[in-house]
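Colleague: What follows is a predicted protein model with its sequence.
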Amino acid sequence: MLLKRAAASVASQSFTDYVWVVVNDGGDPEVVAEVIRSCDVPIHQILFCSNDVSVGMEAASNIGIHASK
């Protein structure tokens, strides 16, 4: 539910030069991927990282930062 709400917020932004980095920290990646596929954020503006096991918020945030440009 929170990810769907975040996706709607990102999609409603007027600024368009961004990449939305989504980090799944050990949850079911298919559930997250479905939200990403069904949202109104252009797919080329989404970077999806998924951890097989939870590494915690700080480490997961760092993974997303390091994966982005």
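Modeller: Great, that's in hand.
Colleague: what about residue 13, how many residues close to it?
Modeller: By the criterion of other C-beta atoms under 10 Å, residue 13 has 10 neighbours. For glycine as for every other residue, the C-beta is placed from the backbone atoms N, C-alpha and C.
Colleague: The nearest residue to residue 35 once chain neighbours are set aside and residue 43, how far apart?
Modeller: Counting by C-beta to C-beta, 6 or more residues apart in numbering, the nearest residue to residue 35 once its immediate chain neighbours are dropped is residue 3, at 4.9 Å. Note on residue 3: its distance to residue 43, by C-beta to C-beta, to the nearest Å, is 15 Å.
Colleague: Look at the two and report which has more neighbours.
Modeller: residue 3 (16 against 9).
Colleague: Am I right that residue 58 is in a helix?
Modeller: Yes. Per DSSP: H, G, I helix; E, B strand; the rest coil, residue 58 lies within a helix segment.
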